[in-house]
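1. my questions concern the predicted model and sequence given below.
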Amino acid sequence: MENLIYLDHAATTAADSRVVEEMLPFFTEEYFNPSSVYTPSRNVRNKLDEAREKVAGLLGARHPNEVVFTSGGTESDNYFIKGTAWALKEKGRHIITSVVEHHAVLHAFGNLERQGFETTYLPVDRYGMVNPEDLEKAVRPDTILVSIMTANNEVGTIMPIKEMSEILKPRGIVFHTDAVQAVGSLDINMQDLGVDGLSLSAHKFYGPKGVGALLIRKTVKPVPLLHGGSQERHRRAGTENVPGIMGMAKALELAIAEREERNREITRLRDMLIKGIMEKIPDTILTGHPEKRLPNSASFCFRYVEGESILLMLDMQHVAASSGSACTSGSLNPSHVLLSMGLPHEIAHGSVRLTLGKENTEDQIKKVLEMLPPIIKRLRDMSPLYAAEKSPTVKEAC
Amino acid sequence: MYTEKVMDHFTNPRNVGEIPDADGIGEEGNPVCGDIMKIFIKVDDGKISDIKFKTFGCGAAIATSSMVTEMVKGKTLDEAEQISNKAVAEALGGLPPQKMHCSNLAADALHKAIEDYRSKHKS
């Protein structure tokens, strides 16, 4: 895979070799169950506690006990959202989120809706941004929980979380943020953001897959999803994923320590990519906010062509990217995020997301900029929509 | 996810283009679903003497369009009408299940082109 140009870092990242090195001893040497009483186990328990302290400190939790280790972003979102709704159902039944959340949040809300909770989905503007004024209008006396993502995974738009927390705090409404795409990439501090819950996933910041964390403010007590042993202070039963947790703590430490330098280079390459694509390919829309976006995120809609076809052609030239077209979403509809931003179906079908990471080089970006225009041209030459639009002699109903 | 045959037709699609003086034109799908196929035919002596397509859509949509043009070129209209979407998918060595409905419409577009031809040449 040496010649692979990987531009799908929002999907996942390669684990950093220093992270893997950190994890390895916990598979074969320090494999002990942290809940056992003997000395080797207690040593593992201590290391787990250190990892917890590290994660808490790096993300601005008030106490290490505010960190619960989970299997990843989906579990963290589900646990906080469902667990808090269940815990507070006597207080109220109204919960709020946005239309552009990850499915881990949206489907958790859908599940609660079927259990009798009332939901409000806040709209977004054309950049995929939630307006805090809409939140202020949506809150009711019986609102118990709000969940808004820190940054969007498809278009990279960064949400005004702090402003929203200032609306919610005086009203005593629990506020959760899915920070899965943001942690490692942005400067994330739970207290500064003013949230009561924050989800993260290690494999988005050069850590291992299958491990994540949920930061829970002490004042909130979500009902657990998993029942069993007393791990994680009865909040998440099951023997801890020790190698994964050690890897995540290391990955977070590295991601934060190297963030500024890494972001500087990634942003430079990302801007070069955006500029090049917008200049070289006509009828292209940059999706997401032009400035308030994740440093590594470039997302586009190429009109008159379909996203999966673009991905297949990129793949043939060893470029890995993703799309929000129906064909890649596994449903009949294109991305709910792009549709919510007001893009019509046929344009949303032509979406491509390119997300950069630390191993990308200027040479790779130049290659993609050479490769992409002929791919789009080729597909447009094949497209009846393009012909209908561009040549007045062939008029089409659509 | 796709067979080699699908990828072959996607990478080197046969008969792409338009026929300016086509005898029949058929279109299937809609931009909302993300797939539109347009087929142009030229008919001589009751046979499809030339066929071209233009398609907006995913890999399966492009491959099925290409495949159907290859299958019916030189065939009589009656023979061409017998070809189903399913037969096109089979000729490609199968399609992923989720593609069978949304992206497998090329035979329908062809049938519409034949219908268009017949409606213009009633005798």
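-> Looks like it arrived, so ask away.

2. pick out the residue in chain B sitting closest to chain A.
-> Closest to chain A within chain B is B:P31: 3.3 Å, counting by CB to the nearest CB. Just so you know, the C-beta spots here come from the backbone N, C-alpha and C atoms, and that holds for glycine as well.

3. does that residue touch B:F56 like I think?
-> Yes - shown here, B:P31 and B:F56 form a contact pair, counting by CB atoms under 8 Å, at 6.9 Å.

4. what's the distance between the residue of chain B closest to chain A and A:I347?
-> According to CB to CB, to the nearest Å, B:P31 stands 9 Å off from A:I347.

5. picking up where we left off before, of B:P31 and B:F56, who's got more company?
-> Per other CB atoms under 10 Å in any protein chain shown, whichever of B:P31 and B:F56 has more neighbours is B:F56, with 31 against 20.

6. per-residue confidence at residue 51?
-> Assuming you mean chain A. For A:A51, the pLDDT comes out at 98.

7. um, chain B though
-> 98.

8. and the nearest residue to it once chain neighbours are set aside, how many neighbours?
-> Distance criterion CB to CB, 6 or more residues apart in numbering or on different chains; nearest residue to B:I51, sequence neighbours excluded, is B:T69 at 4.6 Å. For B:T69, the count of nearby residues is 24 (other CB under 10 Å).

9. how many residues are close by A:H107?
-> Counted with other CB under 10 Å, A:H107 comes out at 15.

10. how far away is it from A:I81?
-> Noted for A:H107: a distance of 10 Å to A:I81, by CB to CB.

11. which residues does A:P141 contact?
-> By CB atoms under 8 Å, 6 or more residues apart in numbering or on different chains, A:P141 lies in contact with A:G92.

12. secondary structure class for A:N360?
-> Look at A:N360: counting by DSSP: H, G, I helix; E, B strand; the rest coil, its state is coil.

13. ok, it touching A:L4?
-> No - using CB under 8 Å, A:N360 is not in contact with A:L4, being 10.9 Å away.

14. next, show the common contact partners of B:P31 and B:F56.
-> A:E346, A:L385.

15. closest residue of chain A to chain B?
-> For chain A, CB to the nearest CB, closest residue to chain B: A:E346, 3.3 Å.

16. give the closest residue to that residue in space, chain neighbours not counted.
-> What sits nearest to A:E346 in space, not counting adjacent residues and going by CB to CB, 6+ apart, is B:P31, at 3.3 Å.

17. on that earlier part again, neighbour count winner among A:N360 and A:L4?
-> A:N360 (22 against 12).

18. for the more buried one, which non-adjacent residue is spatially closest?
-> A:L269 (5.9 Å).

19. can you check A:D134 too?
-> A:D134 sits nearest to A:L122 (CB to CB, 6+ apart), 5.0 Å away.

20. and that neighbour, what are its bridge partners?
-> Applying DSSP bridges to A:L122 gives these bridge partners: A:S98.

21. for it, give me its contacts.
-> Counting by CB under 8 Å, 6+ apart, A:L122 has contacts A:I96, A:T97, A:S98, A:V99, A:V130, A:N131, A:D134, A:L135, A:A138, A:I148.

22. near chain B, which residues of the stretch 151-300 of chain A?
-> Within the stretch 151-300 of chain A, no position is near chain B by CB under 8 Å from any CB of the partner chain.

23. what about the strands in the stretch 151-300 of chain A?
-> Counting by DSSP state E, counting those that start in this stretch, the stretch 151-300 of chain A has strands at residues A:174-178, A:197-201, A:212-216, A:284-286, A:297-302.

24. need these in JSON lines (columns: mean neighbour count and mean pLDDT).
-> Formatted as JSON lines, these follow (neighbours: other CB atoms under 10 Å in any protein chain shown; pLDDT from 0 to 100):
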{"stretch": "strand A:174-178", "mean neighbour count": "28", "mean pLDDT": "98"}
{"stretch": "strand A:197-201", "mean neighbour count": "30", "mean pLDDT": "98"}
{"stretch": "strand A:212-216", "mean neighbour count": "27", "mean pLDDT": "98"}
{"stretch": "strand A:284-286", "mean neighbour count": "18", "mean pLDDT": "98"}
{"stretch": "strand A:297-302", "mean neighbour count": "28", "mean pLDDT": "98"}
